[in-house]
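> Structure for this input, please:
(3 chains)
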Amino acid sequence: MVAEASCDPVETGDANPATEVLLDVVVPTPAHSGLGDRLTYCHTVALPPGTLVRVPLGARAVVGIVWGTPATAPATPVRPISEAWQALPPLAAEWRELVGFAARYYQRALGEVALAALPPALRELDAARLQRRLQRAPEPVPPVSPPPAETPPPLTDAQAAALAAIETVDQPILLFGATGSGKTEVYLQATARLLARDPQAQALVLVPEINLTPQLEQRFRARFGDAVTTLHSRLTPAQRLQHWLAAHLGHARIVLGTRMAIFASLPQLRLIVVDEEHDPSYKSQEGARYSARDLAVYRARLGADAGCRVILGSATPSLESWHAADSGRYRRVHMDDRMGGARWPRLRLVDLRQQPRGTLLAPPLQAAIEARVARGEQALVLLNRRGYAPVIACDACGWKSGCPHCSAHLVFHKADRRLRCHHCGHTAPIPRACPDCGNVDLAPLGRGTEQLEEQLAAALATLQRADGTPVRVGRLDADTSRARGALERTLQAVHDGAIDVLVGTQMIAKGHDFRRITLVASVNTDGALFASDWRAPERLFALLMQAAGRAGRDAAFVAAQGSAVELWVQTAYPEHPMFAALARHDYAAFAAQQLEERRSAGMPPFSHQALLRAEARQLEAALAWLRHAAEAAHDLPGRAHVMLYAPVPMALTRVAGIERAQLLLESPHRPALQALLAAWMPRLHALRGLPDTRGLVRWAIDVDPLSF
DNA sequence: AGCACGCCGACT
DNA sequence: GTCGGCGTGCTC
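Purely as a prediction, here's the structure:
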């Protein structure tokens, strides 16, 4: 009480102005708490913006970040800052700007975004423990160069051109290069040149999934040693804090991380690399739904005065980035030759209309796989559906195994002889008879990776390798890689040649550098070709290009074998124009065709979208809430330029007993959409508690949504 | 969102 | 007689 009174500027501010300072502090207040983003506290001395502090909030003590000084003194008496962590350098102005922009653009509370960007373990610390931690690790800035731990290889012409562009072009670089064209070497050398020029500089390298691309981390470590650190969600809380501190204190020169790393504190950031920039995992799907790739471009612009650059790399860029390059906002740098003389796989289409219905593996494809395995080569077979069969059904009455909590089928998993829901985790034993009619003939419908593995293993059972050992079929999907280290073991087994044929979901298509693969096959492709999601063709093309890139990586091996490197695709629509572009490995043609479709339909990137999502116990409550929301938008700024569609249930309406619905907003004018959203938010918060929306669980806005 | 305070059932 | 159910309400 005394402390609070002494802090009140009205009471003591005049009496002792030198020792009482008002500060705006950002604390983790969810937007709907009714509190503003910045709360005013007082302290004995002025603290620079970016200083971490602990402050009382209600009955709790929370970590906050000093954001500045209040424009006006608040009406309510202010409470004092409990402790200021002055041992830690303040978070830089650019970091605060990035966080502020992300909060504004994605319509989240500033405190939520700012505090979520810090390692959780930091919030557990106090000033004393922080002090000890900082003293215990007074790591000097390690000398990165010279000498580099590994001598870089000579550059190809394309790589030299790319590096020249990076150093001279003051725009985001779209590094467009096929798998194996040497993009990674460009990242490495761009980083090396930066560090040679400016020994204090830092680089940020973003990857979609760090566990699926261990060799990128290996290559950075081989070149830069201990100057590299990592930031991703698989780190333990202590590691994450340690790595974050290394970046914040400038001990780490290079941060390699997943999308969350875009918020790392990097005071000397001069280069951002976004590898596989088209990958949808750069878009966060919970909390603040940010795009790390888009924020990377923004962050580089914030640092432009200091010479910060951004490289977006991909063999199949997002249509957004491709269009930005077409329109001159990004600079496209094309690396068109595959290094080491490796040849591109030839496309072999299997027309499923010529095959018996329900064919999983057409005889010519199976024969091709057998022939390769017999010669000591390897094959990858892609099927984007895990489990044995996506559903089991009753022959007599048409009953299908449905999830009691979701509007989805229970998937038959033969490995544990159970039915499993892939959306809520519900599991059930396989019923002996149909629950509806008692019929005992229940049949699995459709195929998953387990069944494909089984069928291939049976087909290859009589084959032997050159050394007389039996041929081995392996499987890689979320089920087989759940256990710690299982993923690495399977990948190693493929590397070592212990596995001849690897079956799996799209995770087998990622950047693994398998040397003896000469055939890649996609056996169930058509679902994505005609999916209701209009981004599906783009993703399918990227997946098939990426999968194709796994084949023929070792030119010497391929030449010695005398094999043709092939990509097999089973489809009932072989005349689809996408396959013509795929056969020529012509992403530019595919992108041009897709962008033309988007332009005429007024779809992104020719318009901008946001989704308002609502979840409720009853679907009607969610829909009613969205209708109220639409009504509340009628007179908002920007409304004339923003199209609001009717609220609809989501494609997968119910998940874990919660009904989901959404409302799409679309505008050709991004600022109009942003203005509308910003003005809409307070009204949406005020919508709580309407009588026909009882059972509403939560709602959220997804700006630039990727999935519908 | 947390985390209080605040009024009604089965236990040491 | 207490421990605890989660219903409203507040957080500079």
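
> how about the residues of chain A that lie near DNA strand B?
A:T29, A:P30, A:H32, A:S33, A:G34, A:G58, A:A59, A:R60, A:R698 (C-beta under 7 Å from any atom of the strand). Placement of C-beta: from N, CA and C, glycine included.

> which residues touch the closest residue to A:H409 other than its chain neighbours?
Beyond its immediate neighbours in the sequence, the residue positioned closest to A:H409 (C-beta to C-beta, 6 or more residues apart in numbering) is A:V391, lying 4.0 Å away. By C-beta atoms under 8 Å, 6 or more residues apart in numbering, the residues touching A:V391 are A:K400, A:S401, A:H409, A:L410, A:V411, A:F412, A:P444, A:L445, A:G446.

> how many neighbours does the fourth one have?
If you count neighbours by other C-beta atoms under 10 Å, A:L410 ends up with 24.

> Can you give me every residue that contacts it?
A:V391, A:I392, A:S401, A:G402, A:C403, A:L419, A:R420, A:C421, A:H426, A:A428.

> sorry, back to before: so which of the residues of chain A next to DNA strand B are also by DNA strand C?
A:S33, A:G34, A:G58.

> What backbone torsions are found at the first one?
Read it as A:S33. Backbone geometry at A:S33, expressed as degrees, to the nearest 10, gives phi -80, psi -10.

> How confident is the prediction for it, by pLDDT?
You'll see A:S33 listed with a pLDDT of 74.

> ok, and the closest non-adjacent residue to it?
A:A109 is the one closest to A:S33 (C-beta to C-beta, 6+ apart), at 7.9 Å.

> does the one you found really touch A:D37, like I thought?
Yes: look at A:A109 against A:D37 with C-beta atoms under 8 Å: they come within range, at 6.0 Å.

> Roughly how far does the residue nearest to A:H409 sit from DNA strand C?
In this view, A:V391 and DNA strand C are 35 Å apart by C-beta to the nearest atom of the strand, to the nearest Å.

> Tell me the bridge partners for that residue.
A:L445 (DSSP bridges).

> what's the burial count for the closest residue to DNA strand C within the stretch 151-300 of chain A?
Closest to DNA strand C within the stretch 151-300 of chain A is A:G287: 18.8 Å, counting by C-beta to the nearest atom of the strand. Using other C-beta under 10 Å, A:G287 has 12 neighbouring residues.

> for it, what are its contacts?
By C-beta under 8 Å, 6+ apart, the neighbours of A:G287 are A:R108, A:E112, A:A116.

> returning to what we had before: export the ones next to DNA strand C among the residues of chain A next to DNA strand B to CSV and tack on neighbour count?
CSV is the format used below for these (neighbours: other C-beta atoms under 10 Å):
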residue, neighbour count
A:S33, 14
A:G34, 9
A:G58, 7
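
> ok, back up a step: of the contacts of A:L410, keep whichever come out buried.
Burial by neighbour count, judged by 16 or more other C-beta atoms under 10 Å, picks out A:V391, A:I392, A:S401, A:C403, A:L419, A:R420, A:C421, A:H426 from the contacts of A:L410.

> Nearest spatial neighbour of the third one, chain-adjacent residues omitted?
Leaving aside its chain neighbours, A:S401 sits nearest to A:L410 (4.2 Å; criterion: C-beta to C-beta, 6+ apart).

> Quick check: that neighbour vs A:I658, distance?
In this view, A:L410 and A:I658 are 18 Å apart by C-beta to C-beta, to the nearest Å.

> In the stretch 401-550 of chain A, which residue sits nearest DNA strand C?
Residue of the stretch 401-550 of chain A nearest DNA strand C, by C-beta to the nearest atom of the strand: A:H405 (19.7 Å).

> That residue and A:T653, how far apart?
12 Å.

> intersection of neighbour lists for these two?
The contact lists of A:H405 and A:T653 share no entry, where a contact means C-beta under 8 Å, 6+ apart.

> what residues are up against A:A581?
Listed by C-beta under 8 Å, 6+ apart, the contact partners of A:A581 are A:F541, A:Y587, A:A589, A:F590, A:Q593.
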